[in-house]
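Student: generate coordinates for the sequence data below:
(chains A and B)
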Amino acid sequence: MSTTATAASIDGIREAIQKGETTAAAVTEIYGSRIAGEDPRIHAFLSVDREYALAQAARIDRIAAKGEPLPKLAGVPFGIKDVLTLEGFAATAGSKILEGYRAPYTATAVRRLAAAGAVFLGKLNCDEFAMGSSNENSAYGPVYNPHALDRVPGGSSGGSAAAVAAGMAVATLGTDTGGSIRQPASFCGVVGVLPTYGRVSRYGLIAFASSLDRIGPLAANVRDAATVLGVIAGHDVMDATSSPLPVPDYTAALDRSVKGMKLGVPAEYFAEGLDDEVRAAIEAGIEKLRAAGAEIRPISLPHTRYAIPTYYVIATAEASSNLARFDGVRYGLRAPQSDTLAAMYRRTRDLGFGAEVKRRILLGTYVLSHGYYDAYYRKAQQVRRLLTEDFLRAFREVDAILTPTAPTPAFKIGEKSDDPVAMYLADIYTVTASLAGICGVSAPCGKSRAGLPIGMQILGRHFDEATIFRVGQAVESL
Amino acid sequence: MPGTERVSPADVRRVAELSNLELTADEESRMRRDLNAILDYVAQLGELDTAQVEPMAQVSEVLASPGDASSEKVSVLRDDEVRPCLNREQVMASAPETDGVFFKVPKVIER
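Tutor: Sure thing, here's the model as predicted:
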């Protein structure tokens, strides 16, 4: 099997269908058979609906047959992380507690993809309720990294990254609360985008931590990722936190040189705990950007070491509140034969939630409980502001910030699954941007000696995705 | 204070009750171990003096700085008018137990 992403691009597929060189139905069948061939070993998909995909493809082929212009994502095979809803389809969030649930409505980002002509191949595996950094917390079994089947694909959007890496989808939607798009993109050697908080509507995303949750694309290259973000971004009346700012054409300035751009390199991201091979790959990437004319500036983000504890207090507090709705009353699982309502709640949640979800609900409840709120939750919110101010200060000096996406390449399945703190440290370079609400992209930047992908994270100002795409494009072409 | 137990067995039972989670004895001791490990790690936030720092709950709070294009404060409250909502039949189709109009649950009050 080829472990590298396929050559097919979004523009290439649309143009080939437009010219009559192929049909959307044929493209759908090719990807359908790749899933049939590869996915038994990778397990990126939780559900596949060939009929539905072919019906979407047929609509595109009717437009093409009439010679009418095709929409931007016409005939492009997509996969959707299973925390996003599509009307009439399951949305498990990787949890047993949503077994049997069929969404009665479609997420805004998914609806916009469909309106742009995308073809949905299926729903993608992920850590339960997007809680995890390895995809080992899925109630439906782990995803295996296409580059090394004994290794994790990262998480929580492990299925979204692995599907692109194995050529089973041209692009996918993932979600990122503390690194869940960027870290698996890094582990699987694909591009993953964390849009600015408010850039993409969260309507139809099963909530984990509402002040942090974001939806973004994963793709084989920066141009495709930028194209998809342009489709899903923009204001939505269904999400009060979505921004009314206009959406620029993210592909317009993609090929402009990085010459003269000021790129910051924060010392705190190259300290103890960073794998030597990752350090070497990222430093080599930075040197090539310097050679391409970018001005590289050392910067400091002094509160970085406090990001993981801050994140795990805020994210779990919000999760404990958001996940209260899963109680066996309105959807999904209900524990049988409970005599009272209270017993039904407890037994349903005990049966339905996995260990990591319970751990986070308990931690979140603890930090919000009487006597601990000020010491933990309020304190974490104060440090969140300090972490954010670090970035705002840095962005007065530089246009974008370059870091490793993750401290190591993909680790072995089972390696960290018994130690929650070790697992949480896999997100050490990604949670900062999550807390600050800024945008980021992980772009492939070399490989380890063992052939494992390494990702460079490029962080940008709020709503300045155009700049990080431009730097990402330069990294891609190094 | 590593070494001292922040979270006691009684604390675990208390938060489990507050969260409507039922834990087995094994789960209870595992969760106590993990919560203590995580909270020991979180304790380093105490090194920072944050007496003068306002808590930040939402990203929008930091976007309202002068010169920022998104700084205009706009009301995000929608007009109070009736709009279509989810289809009841479809919603009820996913409910574990329903009479088609209401969600049915086990007895709430003993009489």
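Student: and A:Gly192, what does it touch?
Tutor: Contact partners of A:Gly192, counting by Cβ atoms under 8 Å, 6 or more residues apart in numbering or on different chains, are A:157, A:161, A:174, A:176, A:181-182, A:184-186, A:216-218, A:225, A:441-442, A:455. Glycine gets a C-beta too; all of them are placed from N, C-alpha and C.
Student: point me to the residue of chain B nearest chain A.
Tutor: B:Val59 (3.0 Å; Cβ to the nearest Cβ).
Student: and the nearest residue to that residue once chain neighbours are set aside, how many neighbours?
Tutor: Computed as Cβ to Cβ, 6 or more residues apart in numbering or on different chains, the closest residue to B:Val59 that is not its neighbour in sequence is A:Gly437, at 3.0 Å. Residues lying near A:Gly437 (other Cβ atoms under 10 Å in any protein chain shown) number 27.
Student: give me the pLDDT for A:Gly437.
Tutor: On pLDDT, A:Gly437 comes in at 98.
Student: just checking, it touches A:His462?
Tutor: Yes - if you go by Cβ atoms under 8 Å, A:Gly437 and A:His462 touch, sitting 6.2 Å apart.
Student: shared neighbours, these two?
Tutor: Joint contacts of A:Gly437 and A:His462 (Cβ under 8 Å, 6+ apart) are A:Thr196, A:Tyr197, B:Val59, B:Leu63.
Student: which residues in the stretch 301-450 of chain A form helices?
Tutor: Ranges of helices in the stretch 301-450 of chain A, per DSSP state H, counting those that start in this stretch, are A:307-322, A:341-352, A:355-368, A:379-394, A:420-424, A:431-436.
Student: deepest in the core, which of the ones you listed is it.
Tutor: helix A:431-436 (a mean of 28; mean count of other Cβ atoms under 10 Å in any protein chain shown).
Student: tell me the helices and strands packed up against it.
Tutor: helix A:307-322, helix A:379-394 (3 or more Cβ pairs under 8 Å, 6 or more residues apart in numbering or on different chains; DSSP states H and E).
Student: surely the residue of chain B closest to chain A meets A:Ser434?
Tutor: No - taking contacts as Cβ under 8 Å, B:Val59 lies outside contact range of A:Ser434: 9.8 Å.
Student: so where's chain B uncertain?
Tutor: Counting by pLDDT under 70, chain B shows low-confidence ranges at B:1-4, B:64-76, B:111.
Student: low-confidence ranges, chain A, go.
Tutor: Using pLDDT under 70, chain A drops low at A:1-7.
Student: in contact with whatever residue of chain A ends up closest to chain B, which residues?
Tutor: Closest approach between chain A and chain B, counting by Cβ to the nearest Cβ: A:Gly437, at 3.0 Å. Neighbouring residues of A:Gly437 by Cβ under 8 Å, 6+ apart: A:Thr196, A:Tyr197, A:Gly198, A:Thr388, A:His462, B:Val59, B:Val62, B:Leu63.
Student: what about A:Cys439, neighbour count?
Tutor: For A:Cys439, which is what you asked about, the neighbour count (other Cβ under 10 Å) is 28.
Student: find the nearest non-adjacent residue to it, please.
Tutor: Using Cβ to Cβ, 6+ apart and skipping residues adjacent in sequence, the residue nearest A:Cys439 is A:Thr196, 4.4 Å away.
Student: ok, the most centrally placed residue in chain B - contacts?
Tutor: Central residue of chain B (Cα atoms, centre = their mean): B:Ser19, 9.8 Å from the mean position. B:Ser19 makes contacts with A:Ser320, A:Ala324, A:Arg349, A:Ile361, A:Leu362, A:Thr365, as judged by Cβ under 8 Å, 6+ apart.
Student: keep the residues you listed, but drop any that are not near chain B.
Tutor: Contacts with chain B are made by A:Ser320, A:Ala324, A:Arg349, A:Ile361, A:Leu362, A:Thr365 out of those, judged by Cβ under 8 Å from any Cβ of the partner chain.
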